[in-house]
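# Curious how this folds, go ahead:
(one chain, ligands or ions: 3)
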Amino acid sequence: MNFIKWIRYELGLYKNTDYEKQYLYETNFKTAIYMTFIIICLEIWMIIRYVNKRPGRTFLEYFDGETNYLILLSASLIILLFATRYLHDYKRFITGIITSLIILALDISMIVRACYVTSPKDILHLLKSINYQLMLLVLTLGYLIYEILYKNFSKKLSAKYGQILSVIFSIICLCFGVSTSIYDIKNERQILCFVTMVLYVVCLLIWKPFISILITTTVFIWFYEKWLPILQSNTSPYSKNILEGNKINYFTLWISLTLISMSIYQQRLAEAKKDEKLMRVNALLKQQSIEDDLTGISNIKHFVKESKKVMFKDATDLIYLFINIENFKNYNDQFGYQSGNNFLIYIAHSLEDIFPDGIVARWSDDHFVVLTKRTGLDERLNKLNDKVSSNSNREIYLALKVGAYTPLDTLMDPRMAVDKARFACGLIKDVIGVHFKEYDEQVNNEFHRHQYIVNNIDKAIENEYIKVYYQPVVWSSDHTLCSCEALARWIDPEYGFLSPGDFIPLLEEYKQIHKLDKYIWETVCKDMAYAKSLGLKPIPVSLNFSRLDFELINVEETLMSLTEKYKIPKKNIHVEITESALAENTTAIQSSADALAKAGFVIWLDDFGSGYSSLNVLKDFSLDLIKIDMKFLSGFENNDKSKIILKNIVALAKNLNMHTITEGVETKEEATFLHEIGCDRLQGYFFGKPMPINDIIKNIQLKKLVIRKLS
Ligand code: C2E
Ligand code: CA
Ligand code: CA
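Ligands and ions are numbered 1, 2, ... in the order given. Take a look at the predicted model:
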């Protein structure tokens, strides 16, 4: 079995890949350029030599005598032209057309001349005498047709066509080799022309080994048949020895040429295989560098590159879209990662279907971008929404939010344009019923304000544009001061008063929040030390923590070193961690909260009841106090349900041995009710708005805020 396989392999009895075929054809054409060039030079030299050796003849006599040279010269020229055209991909090859027309005229005149010389009755003899001319005619016409119809030829078809022309050319060469050498032998010269031609056809033009063997064997037998009678007619005394010697030489030559041709073939095939592998790896790498791994559509890099090209050509009517799948996180949580991935793939392909003329890419997670024409956009977006809702007919409602941005000029950086579309998209996040937002003047102002905040946080801290405001927290029994909450304010020389709602979410998004928080904590500690230096009784202060603080810095270490540096008792620092941060349940936050509690800091649960997981949080963490979200007080007078809930939360906390505080207290009625149901502490505008440290101190000194004796 292996032996048969080996034989098949050595003889080339198997199908080559398209790449291998193309490679072998191409190397043939490359070789053909050198070889035909050499033949052309040789033939021109032969023609000149012929004329020089036979002076004084008429033009027709020369013409008859040089027919074979002229045919080989012309055939070589045709192949040279073809190979050049194939390898260099000329658009219009006038030289090729003119040369082939001249050759055609020459060939036809040779045929006419042969008809004239040979008796027309002897058709067979005539055909035999013009067989070269006819082959050249086919070759030339073949090339001419190719040259005229070159637009209809693919690279692959061209190569195949060229191979057919090469076969005709090879037959001409072999016939020329045989007939010239037979002529030479008769004139007691060597068989050099025959050997050269076979060598050229079999070894330099590459054929599969079995074809090479077939060609060499046939041509060698054919030549031998013609040669043997001439050798045998030799009457010299050494004729027998000469005959034997020639036979051996001839046989050796046949074997050598066959083996050489086979080995060249295998060598080129190995090169082709190596090349193909490299090409495949390259193609794969190229594909990977432009494709998004999950969805198979373009990635960011490719999107940016292609968008630049499209914009550069013509940016009119173009619009960038940033598409966000709202609620996708919940979908993932509920149906699993794989399901989520399948949904993203579905969206990616829907986008490609709906925007076949645009550029579509996955930007990140559940975000996609499109660069498309504005015309017909509404219709397309409706179609997209239909597709999404038809595929997500499960319990989770998924909606698309689309931000759009129209580029102003052709040179605009696509990343910047996407940033703006993304920003517009962010503005309608969580806004029910709004699915499309275009970047306009108002959005532009907002965008710049955001950029300003993100870019200037360091400067704002350094120049103390960031201030700490303190809001009083009072005991519900007698409204004396029990602590304060530290709240950040940004008073900017350019933008004026910025409230935390403007900058906290942004600083979180850009992972800069820890800078602000560290600064606030330190300022609070400084202020506490300052208040103490004034002889005031120390009061505890609540600090706000972002979920990201626990990821970005070592919260315990920071607080420990601050309290040590400013000599603040740890029990006077209340750590407010929001319910949503704890509900995320990251181990980092859990262990930090435990460590802080162990170190003596007091842990408060902020915004209790604002999320969905409040009760779980109570179950999983040991907390000192829960801060009931101010949403329970909205519409307090008319909402009995809220009152019932508040009452129960306070009761539940008591049962769990936790204190309670309610924030957002704005009226006396609220304060009274909360006291009645047993909520220990209260915070809200009714008792005082957040204010600078000096105002708090002044209020304490003026006894507007009273610190209880035994707190
Ligand atoms: P929060 O921690 O829930 O803070 C309470 C918010 O309610 C404060 O808003 C406060 O001014 C406001 N407030 C207090 N009493 C009343 C009231 O009676 N009625 C009404 N309508 N509002 C009241 P503020 O200062 O705008 O802070 C908003 C949020 O920003 C805070 O919510 C907190 O989550 C965050 N934040 C503020 N400062 C910082 C900080 O330094 N670091 C971090 N990480 N977050 C902060
Ligand atoms: Ca708070
Ligand atoms: Ca709160």
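
# Quick check: mean pLDDT of stretch 499-517?
In this model, stretch 499-517 has an average pLDDT of 94.

# Indicate whether it makes contact with ligand 3.
No: when contact is scored as CB under 5 Å from the ion, no part of stretch 499-517 falls within range of ligand 3; the minimum is 10.9 Å. No exception for glycine: its C-beta is placed from N, CA and C like everyone else's.

# any weak-confidence spans in the protein?
Within the chain, the stretches with pLDDT under 70 are 1, 90-92, 119-121, 392-396, 585, 612-614, 709-711.

# so after the strand ranked longest in it, what's the next helix or strand?
What stands out as the longest strand in the chain, according to DSSP state E, is strand 481-492. Per DSSP states H and E, the first helix or strand lying C-terminal to strand 481-492 is strand 496-498.

# what domains does the record give for the protein?
Domains of the chain are assigned by automatic domain parsing as 3-281, 300-439, 473-701.

# what about the longest one, how long is it end to end?
Right, the one you point to is domain 3-281. 32 Å (CA to CA, to the nearest Å).

# try stretch 401-420
14 Å.

# Only the buried residues of it, if you could.
401-407, 412, 414, 417-420 (16 or more other CB atoms under 10 Å).

# Strands along the stretch 601-711 of the chain, start to end?
Along the stretch 601-711 of the chain, counting by DSSP state E, counting those that start in this stretch, strands occupy 602-608, 625-628, 659-663, 681-683, 691-692.

# what's the answer for the stretch 351-500 of the chain, then?
So, for the stretch 351-500 of the chain - with DSSP E, counting those that start in this stretch - the strands run 359-364, 367-373, 399-405, 436-438, 466-475, 481-492, 496-498.

# re the thing from before, the domains of the chain: which one's closest to ligand 2?
domain 473-701 (4.3 Å; CB to the ion).

# Does ligand 1 have contacts with the closest one?
Yes: for domain 473-701, a contact with ligand 1 is found by CB under 6 Å from any ligand atom, at 487-488, 499-501, 504, 513, 517, 520, 544-546, 606-607, 663-666, 683-685, 690.

# Get me the contact residues on this protein for ligand 2.
For the chain, the contact set with ligand 2 under CB under 5 Å from the ion comprises 544, 576, 606.

# wait, the first one sits on residue 468?
No: applying CB atoms under 8 Å, one finds residue 544 not in contact with residue 468, separated by 10.7 Å.

# related to what we said a few turns ago, between the residues of the chain next to ligand 2, which sits nearest ligand 1?
residue 544 (3.7 Å; CB to the nearest ligand atom).

# can you count the residues close to that closest one?
Residue 544 has 22 neighbours, counted by other CB atoms under 10 Å.

# Could you give the bridge partners of it?
In this entry, residue 544 is beta-bridged to residue 576, by DSSP bridges.

# quick one: contacts for it?
Residue 544 is in contact with 485, 486, 487, 488, 517, 520, 576, 606, counting by CB atoms under 8 Å, 6 or more residues apart in numbering.

# if I look at it, how far off is residue 80?
83 Å (CB to CB, to the nearest Å).

# among the contacts of residue 544, who's most crowded?
residue 606 leads the contacts of residue 544 on contacts (other CB under 10 Å) with 25 neighbours.

# Tell me if I'm right that it and residue 574 touch.
No: taking contacts as CB under 8 Å, residue 606 lies outside contact range of residue 574: 9.8 Å.

# in stretch 670-677, what's buried?
Buried, per 16+ other CB under 10 Å, within stretch 670-677: 670, 671, 673, 674, 675, 677.

# Among the residues of domain 473-701 next to ligand 1, name the buried ones.
487-488, 500, 504, 513, 517, 520, 544-546, 606-607, 663-665, 683-684, 690.

# Pull out the buried residues from stretch 595-602.
Buried-residue list, stretch 595-602, by 16+ other CB under 10 Å: 595, 596, 597, 601, 602.

# Name the nearest residue to the spatially most central residue of the chain, sequence neighbours excluded.
For the chain, residue 290 is the residue whose C-alpha lies nearest the centre (CA atoms, centre = their mean; 2.1 Å). Nearest non-adjacent residue to residue 290, counting by CB to CB, 6 or more residues apart in numbering: residue 302, 3.8 Å away.

# Downstream of the longest helix seen in the chain, the next helix or strand is which one?
Using DSSP state H, we find that the single longest helix of the chain is helix 239-290. As assigned by DSSP H and E, the chain's next helix or strand after helix 239-290 is helix 300-313.

# The helix or strand that that following helix is followed by - contacts with which helices or strands?
Later in the chain than helix 300-313, the nearest helix or strand by DSSP H and E is strand 318-326. When contacts are defined as 3 or more CB pairs under 8 Å, 6 or more residues apart in numbering; DSSP states H and E, strand 318-326 packs onto helix 300-313, helix 337-354, strand 367-373, helix 377-391, strand 399-405, helix 414-427.

# repeat that for 6 Å
Strand 318-326 sits against strand 367-373, strand 399-405, helix 414-427, with contacts defined as 3 or more CB pairs under 6 Å, 6 or more residues apart in numbering; DSSP states H and E.
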